[in-house]
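Asks: please work out how this folds:
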Amino acid sequence: MASNKRFSQSRSNLSNNSDVPEPGRPSQPVPPQVTFARRTSSGRYVSYSRDDLDSELSSADFMNYSVHIPPTPDNQPMEPSPMDPSISQKVEEQYVSNSMFTGGFNSATRAHLMDKVIETETNHPQMAGMKGSSCAIPGCDAKVMSDERGQDLLPCECDFKICRDCFVDAVKSSGGICPGCKEPYKNTDLADQADDDNNGQQRLPGPGGSKMERRLSLMKSSNKSALMRSQTGDFDHNRWLFETSGTYGYGNAFWTKDGNFGSGKDGDGDGMETQDLMSKPWRPLTRKLKIPAAILSPYRLLILIRVVVLALFLTWRIQHQNQDAIWLWGMSVVCELWFAFSWLLDQLPKLCPINRATDLQVLKEKFETPSPSNPTGKSDLPGLDIFVSTADPEKEPPLVTANTILSILAAEYPVEKLSCYVSDDGGALLTFEAMAEAASFANIWVPFCRKHVVEPRNPDSYFSLKRDPYKNKVKSDFVKDRRRVKREYDEFKVRINSLPDSIRRRSDAYHAREEIKAMKMQRQNRDDEPLEPVKIPKATWMADGTHWPGTWLTSGSDHSKGDHAGIIQVMLKPPSDEPLHGGSEGFLDLSDVDIRLPLLVYVSREKRPGYDHNKKAGAMNALVRASAIMSNGPFILNLDCDHYIYNSEAMREGMCFMMDRGGDRLCYVQFPQRFEGIDPSDRYANHNTVFFDVNMRALDGLMGPVYVGTGCLFRRIALYGFDPPRVKEHSSGCCSCCFPRKKKNHVAEENRALQMGDYIDEEMSLSLIPKKFGNSTFLIESIPVAEFQGRPLADHPSIKNGRPPGALTIPRELLDATTVAEAIAVISCWYEDKTEWGSRIGWIYGSVTEDVVTGYRMHNRGWKSVYCVTKRDAFRGTAPINLTDRLHQVLRWATGSVEIFFSRNNALLASPKMKILQRIAYLNVGIYPFTSIFLIVYCFLPALSLFSGQFIVQTLNVTFLVYLLIISITLCLLALLEIKWSGISLEEWWRNEQFWLIGGTSAHLAAVLQGLLKVVAGVEISFTLTTKSGGDDVDDEFADLYAVKWTSLMIPPITIMMVNLIAIAVGFSRTIYSVIPEWSKLIGGVFFSFWVLAHLYPFAKGLMGRRGRTPTIVYVWSGLVAITISLLWVAISPPAGTTDIGGSFSFP
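Replies: This next block holds a predicted model:
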């Protein structure tokens, strides 16, 4: 447990719910104790409190599997498996999963037992609100708790049905006598746990250490005895002596001095040779697919040629000035110099593009196939926590979010290893009940997907497929099952769509009832006095008849979007460790189908006025902390609410990279974003294929792709701000001989697994840990566990910092009230105060593009990332197809880039750990919006040339044309080669070029102005949009494409189009009317004007709205206006040498 040295502390020194007093740091307001209360259906009020943090595993259980007592021929424990949880622990987990936990700033944490979470009846044993049989105690209408299989949890062998509260009463008042058989209960620890501990003090952990420490020890030691057994099951003495370097002592055996398992130098599985003896030859999980040299070599050569030609051309342009229009020549040369610099920043990181492939069959053989280290074949894959974020149910429809949740619950990943957390940053009851409805429908949808292996596993997308749904389906009951599930899904959609009205009607009914009660009380208290109108806050009510603790429909105190308590509700409790098969008598024949569902948790972090909640980044960090306490998956996948899992095995493909050799140095695996609902022509380049298939593949050949906000599989330890293992020490550069750096002490590799750059040589003392992670002992103790679980499998001598096989086959801990209460504490609004959350740990604050900054910080610490392009799209989402919405999306991205450029996250300030080409790529991220300044000037140059009768060069000589031709040809050839090695189409490349100019002359320019005003003057500008007309055709899938919404971002492109159109007419008229027509200057100006207009064509098409709806007279009048303006210009400024209007031109 060397990796845990820096995080070992006692709970007596660091409390879960209180701050450590530190000099200069005021203590945070934290509730002195945790109170759990709920109202039963019979009207009784029951309080519940628990402080024992270590109920999951007894100390004796821990000692049986301690790493300090290795198995020997005289001491051979059986296959390690933790003791089956007691009935009391199962009852408590059921109680916790049926309770809504709330709390936060200066308020006690409460657990409200939910009789029901939705109006409809729940029928899955894991679903919140699911109860067993009725209690047999006379006068009690409560329900008996049930386990994950739906069976009643009964504390007595006589199977007398008794609810939890009656059981506690029987133990306290009746001396532990069962009301049924009148015999004493054999196990009453649940009653002991239910005692109120009003002093609020916590008991110290047992001799076995804390829960997280015992779990880490159990994982590290769980497979050693199995590894020492031969394939016949007998203990192999010779192998034990050879592989452990053990010796027989005085009736005992001991490990080597360094305590390492195997013969590796650094220990903890490094260089372990056990697997070399007992398994097949080692095979990699991933491989690189290099671009063919026949494509890549010419590509690099063309880049070099174009760089040389650009340098010669710019030199020639500077030397050959246009004396007739020096101002025109100066502007054009400055713009061309910037364009060359910008192109170089974009092109250099593309020198080393690569492709990658995964082998899912090898992953299955290594982690899910029976072996001597895993005889049962249970999954040895690490845990995975999936985050889904939503903020406003009006802008993000709950049905879309619900479909995303259903695709996650049906994913092909071990059910017991998968957890889903939904972050509702708006705290809306609509989102809560929609998630509950999704959890209820998952009882039908998930087994159906597993039985018939359907894709995609988003029900809305699946039932909307235009291809034949019966292709390759061989089961005879597929048609019947599909029809039944389709009908259930249609009813599910209707329930989701009716939720707003249902919640409103319910709240109105309860509010009217409360008003009537208040009026009755007023009449009773005031007999003859005149009655005043009763004013009661209009609350929002849940399905069980209690107040919703989040945001109310009518905002009130402590119940508004920016002011509400933290909420955690376990929608689906953790599944059982063993498969649970359904029956054949139900809705579907599920006799051979595992009907377990992954853990599903609803989280709404606390919000209070006066706190900066940091939008999406703050919500993500709250989920990181809450999930670390509840499930602590070593890997995190974050998805937007409209991005669903299109490939059910996508997580497995991402895990291939994380579990492969060298995977412990990967901070994240980024998947490409794919979109649905885009118009066939992709008018505004919404697919963004050039970025996702060209730029990202190229970055994959360096240190890895940038993080793009969604569809990213993170390593939890990398999010915590730790350095990668085996990080290289960089010298101080050329001054190292004069100013030598202090020599660092050698640190063992395992001890360096949890290192931060500022604390390599010194221990992270107890006082430093809360300053970084906050005052949650649970959270701090989960860090080394997550680090160990995320290590690759040590099945080859070349695997460094690996973990032994079979270490992750042990079951997860059961949820208890203290764990969920601690999760409430870490999502409170004050928790991040005086910590490094958002500055070094988790998602980084301070930018609207927090995704790019977060990935940059990881690469800056030396981590690497990979790009995983699957044959079947991993995820799919939606993108705005409306012009105005698209411009505002680009505006937000560009504004974030400008903020990055003016912050310490500028790539110019990157550490030496970042490669030069990776640094150039990040530098381009911050610089590209500034190209808009030069681009908008260059778009006006053709018009200025036509108006003035001059051109950017003195004459169109051969040298200029040759340079222009070579630059254009090399650009086209580079584009063709990029299309060849990336797989995109020529049309997609052209759409990207068009929208580059559209965005550059509108959103990018606004972002630069907004960023400069914010940096220089501290003024923030928000661009509002107003809908002028919309697409009212409900039957048209792309109706929003034709909706015209006015925004100020449209002014620059419209001006450019109008000026260039008028300039063409003016130039054409001037040339015709002149005595000596200068056709070369006209051709040059018209050519570049048409180049600008061709790029702005999609923008002009978007302004016209739907085809056929723009009257023909509009085009006629537009032409007449342009001709009139041209004639007026010629009349006002006639060509040189003429005095009459119209010059020497006359009609025949």
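Asks: pLDDT score assigned to residue 1067?
Replies: At residue 1067, the model reports a pLDDT of 84.
Asks: tell me what the host helix or strand of it is packed against?
Replies: Residue 1067 is part of helix 1051-1073 when elements are defined by DSSP states H and E. Helices and strands touching helix 1051-1073, by 3 or more Cβ pairs under 8 Å, 6 or more residues apart in numbering; DSSP states H and E, are helix 931-948, helix 1079-1095, helix 1097-1104, helix 1112-1132. From N, CA and C alone the C-beta is placed, and that goes for glycine too.
Asks: report the angle between the axes of the first one and helix 1051-1073?
Replies: Read it as helix 931-948. Counting by axes from the mean of the first three to the mean of the last three Cα atoms, to 10 degrees, helix 931-948 lies at 20 degrees to helix 1051-1073.
Asks: ok, now the shortest one?
Replies: Our comparison of helix 1097-1104 with helix 1051-1073, counting by the same axes, to 10 degrees, yields an angle of 110 degrees.
Asks: residue 460 belongs to a strand?
Replies: No - Residue 460 sits outside any strand when classified using DSSP: H, G, I helix; E, B strand; the rest coil, being helix.
Asks: go ahead and confirm it touches residue 399.
Replies: Yes - the criterion here is Cβ atoms under 8 Å, and residue 460 meets it with residue 399 at 7.5 Å.
Asks: identify the contacts common to these two.
Replies: Counting by Cβ atoms under 8 Å, 6 or more residues apart in numbering, the contacts common to residue 460 and residue 399 are residue 493.
Asks: need the contact list for residue 501.
Replies: Shown in contact with residue 501 (Cβ under 8 Å, 6+ apart): no residues.
Asks: and it, what's its pLDDT?
Replies: Residue-level confidence at residue 501 comes out at 95, pLDDT.
Asks: now do the helix or strand hosting it: distance to the chain's middle.
Replies: According to DSSP H and E, residue 501 maps onto helix 478-525. From the chain centre to the centre of helix 478-525 is a distance of 32 Å (Cα atoms, centre = their mean, to the nearest Å).
Asks: now the element after that helix, going C-ward?
Replies: Immediately after helix 478-525, counting by DSSP H and E, sits strand 559-560.
Asks: so what touches that following strand?
Replies: By Cβ under 8 Å, 6+ apart, the list of residues contacting strand 559-560 reads 539, 540, 548, 549, 550, 551, 552.
Asks: 10 Å instead?
Replies: 427, 537, 539-540, 547-554, 565, 607, 609 (Cβ atoms under 10 Å, 6 or more residues apart in numbering).
Asks: pLDDT-wise, what's the bottom of the residues you listed?
Replies: Minimum pLDDT across the contacts of strand 559-560 is recorded for residue 537, with 85.
Asks: what sits against it?
Replies: Shown in contact with residue 537 (Cβ under 10 Å, 6+ apart): 511, 514, 547, 552, 554, 555, 556, 557, 559.
Asks: closest one of the residues you listed to residue 962?
Replies: Closest to residue 962 out of these is residue 555 (68.9 Å), distances taken as Cβ to Cβ.
Asks: and the closest one, what are its phi and psi?
Replies: Residue 555 adopts backbone torsions of phi -60, psi 140, taken as degrees, to the nearest 10.
Asks: that one contacts residue 562, doesn't it?
Replies: Yes - counting by Cβ atoms under 10 Å, residue 555 does reach residue 562; the two are 9.4 Å apart.
Asks: one step back: quick one: buried residues of the helix holding residue 1067?
Replies: Neighbour-count burial for helix 1051-1073 flags 1052-1053, 1056-1057, 1059-1067, 1069-1071, 1073 (criterion: 16 or more other Cβ atoms under 10 Å).
Asks: swap in stretch 553-562?
Replies: Within stretch 553-562, the residues that count as buried by 16+ other Cβ under 10 Å are 553, 559, 560, 561.
Asks: could you find the closest non-adjacent residue to residue 953?
Replies: residue 960 (5.3 Å; Cβ to Cβ, 6 or more residues apart in numbering).
Asks: ok so, going back, save the buried residues of stretch 553-562 as CSV, and put in distance to residue 973 too.
Replies: Shown next, in CSV, are these (distance: Cβ to Cβ, whole Å):
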residue, distance to residue 973
553, 60
559, 63
560, 59
561, 54
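Asks: from those residues, which is closest to residue 1017?
Replies: residue 561 (29.4 Å).
Asks: tell me the angle of the helix holding residue 1067 relative to helix 1079-1095?
Replies: 150 degrees.
Asks: now helix 1051-1073, how far from the chain's geometric center?
Replies: Counting by Cα atoms, centre = their mean, helix 1051-1073 comes out at 48 Å from the chain centroid.
Asks: again with stretch 849-856
Replies: That offset, for stretch 849-856, works out to 12 Å (Cα atoms, centre = their mean).
Asks: return the alpha-carbon coordinates of that stretch using CSV.
Replies: The C-alpha coordinates for stretch 849-856 follow below in CSV (Å, rounded to 0.1, in the frame of the first residue of the first chain):
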residue,chain,number,x,y,z
THR,A,849,-14.6,26.5,-23.1
GLU,A,850,-13.6,24.7,-20.0
ASP,A,851,-13.2,21.5,-21.9
VAL,A,852,-10.2,22.7,-23.9
VAL,A,853,-8.5,24.2,-20.8
THR,A,854,-9.0,21.0,-18.8
GLY,A,855,-7.4,18.9,-21.5
TYR,A,856,-4.6,21.4,-21.9
